[in-house]
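Chemist: Sequence isn't available, so here's the structure alone:
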């Protein structure tokens, strides 16, 4: 995981957590993309629209580096792992990339709650995917 630039946030140790965020900012400034899972853990809800609250601090790397946030909506991932844990099986996974979000360009209220704003965009993307799947 080190070879693919994974960063692990220590939520128990504030000082170490800040170091990780600063490392992430430096990596982004060097041109390395960072994939963040702002729910903070795997979501086990059956309904894809039941997202866990996004951690507002999860977007600090994008905010501090000026890097855009690319919202990503994934569906079908539970069929790969959670539904037959501890085994894995192949499944159809859909990944949709949304329109980039530049935090500094947001309205003040959106900027203040960038996590909730990003979550609402991803939830809309998931709702469209759910409608498409149910329409098949």
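Modeler: Ah, there it is. Just so it is clear, the structure is predicted and the values come from calculations on it, not from any experiment.
Chemist: and the most centrally placed residue in the chain, what is it in contact with?
Modeler: Using CA atoms, centre = their mean, the residue of the chain that lies closest to the mean C-alpha position is residue 37, 3.4 Å off. Counting by CB atoms under 8 Å, 6 or more residues apart in numbering, residue 37 touches residue 58. For glycine as for every other residue, the C-beta is placed from the backbone atoms N, C-alpha and C.
Chemist: mind listing the strands for the protein?
Modeler: With DSSP state E as the definition, the chain shows strands at residue ranges 72-75, 94-97.
Chemist: and the closest residue to residue 71 other than its chain neighbours, what does it touch?
Modeler: Residue nearest to residue 71 in three dimensions, not counting chain neighbours: residue 98, with 3.6 Å by CB to CB, 6 or more residues apart in numbering. Taking CB under 8 Å, 6+ apart as the criterion, residue 98 is in contact with 70-73, 121-122, 125.
Chemist: That'll do, ta.
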